[in-house]
Structure formats: C-alpha cells, structure tokens
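>>> have a look; sequence and predicted model below, questions after that.
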Amino acid sequence: MPRGRRAGPEPATLDEVDRGLVLALSRDGRRSAAALAKELGLSRQAVTERIRDLERRRIIRGYRADVDPLALGLEVRAQLRLTLDATAPASREKDVLRRLAANPLVRSVYRVSGEDCFVAQVLCRRIEDVNAILDELKATRALQSSRTAFVLETVMEKGALGPVEPPLVAG
C-alpha cells in the first residue's frame, strides 16, 4: 500500500468545480452557498448539491473550530511507538486499537513499517496521563515494547488540510 494511504476505496476524483469548492471551503468553511455560487459562477442550488455530494463521498469530512490545545491546558504532546507481541492473538491487537480509539487524549494512530507496529500521537495535561495510557495498553498483554518521545518544542505544525493550497488538490 502506498505510503500514507488508508485501506479502502480508490481516491476520489474531483472535477474543476469540485476542486474550486474544496479550495474555497478549506479557506473558510462557514461561507454561504450564495457567496460560493457567486465566486464559482454557479447557482446556489448547484453549489448546495455539490457540497452535499462532497460530504456524502467523505471528501469534505466536517467543519470544525481549530482550538488551541494550550488554552485547554493540554500542554504535553507525545508520540507513542508501539510494538506488539507477534505471538499474541489477533484479538489483543484489536483490543489495543479499540482502547486507543476510545481515549480522547489519543489524537491519531498510524500503522507503520519498520520495527514498530503503531505510532500514536497523544495530547495530555500531564506526563502521568501518558503513563496511564501506556498502563491501559499494557493491560491488554499485547505489547512487546513501547517507546515514548515527548515533544519539547513545536517548530512547525500545519495540522489539518485546511486551508488547502492548489498544489494539494489533485487535478
């Protein structure tokens, strides 16, 4: 599977109008259909239908506020590199993934190549919160090892894909 891809259907194709909508909404997801229609030279109804279609196809996955984690007291960022015991039953891997997905402090989980099986990004208030996550995962008896890297400084962070630059939208 190509790097960074999820298992599942092939990538969606976007025509020029869909690309324009995605670019416009990534800059300001709160724009009205009327404003988008004017910018793109379409009817409001056509814009509304296209947005619904983009949402249905999960190309547009949501609209949200970008909240500063520090304002919520979430000052500890860490990367958990997890290696699973290859002799453990598959149900234990599922238990690890279920626990990671259920924990709101875990912000993303990636299956990776190399010696590690998964990398989880966590955002916490205290280092003890990271320890609690690891203790919960150890309880599954699926971990062979874990390594934790705490973020000392954020040098650059682009976050989600919005606002999307034109080179990121496939033609």
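Perfect, thanks for sending it. Numbering: from 1, shown residues only.

>>> switch to C-alpha atoms for all contacts and neighbour counts from now on
Will do.

>>> L14 - that's part of a helix, no?
No - read with DSSP: H, G, I helix; E, B strand; the rest coil, L14 is coil and lies in no helix.

>>> relative to T154, how far out is it?
Going from L14 to T154 by Cα to Cα, to the nearest Å gives 34 Å.

>>> more crowded one of these two?
Shown here are L14 and T154; by other Cα atoms under 10 Å, L14 has more neighbours (16 against 7).

>>> tell me the pLDDT at the more buried one?
Per-residue confidence (pLDDT) for L14: 87.

>>> state the distance from it to S43.
Going from L14 to S43 by Cα to Cα gives 19 Å.

>>> how about the spatially most central residue of the chain, what does it touch?
In the chain, the centroid-proximal residue (Cα atoms, centre = their mean) is S108; its distance is 5.8 Å. Listed by Cα atoms under 8 Å, 6 or more residues apart in numbering, the contact set of S108 reads 120-122.

>>> which stretches in this protein count as strands?
76-84, 106-111, 118-124, 143-150 (DSSP state E).

>>> export those strands to a markdown table and tack on mean pLDDT and distance to S32?
Formatted as a markdown table, the strands of the chain follow (pLDDT from 0 to 100; distance: least, Cα to Cα, whole Å):
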| stretch | mean pLDDT | distance to S32 |
| --- | --- | --- |
| strand 76-84 | 97 | 36 |
| strand 106-111 | 96 | 30 |
| strand 118-124 | 97 | 33 |
| strand 143-150 | 97 | 41 |
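
>>> redo the ones you listed as JSON lines? Include distance to R50.
Output for those, formatted as JSON lines (distance: least, Cα to Cα, whole Å):
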{"stretch": "strand 76-84", "distance to R50": "38"}
{"stretch": "strand 106-111", "distance to R50": "29"}
{"stretch": "strand 118-124", "distance to R50": "34"}
{"stretch": "strand 143-150", "distance to R50": "42"}
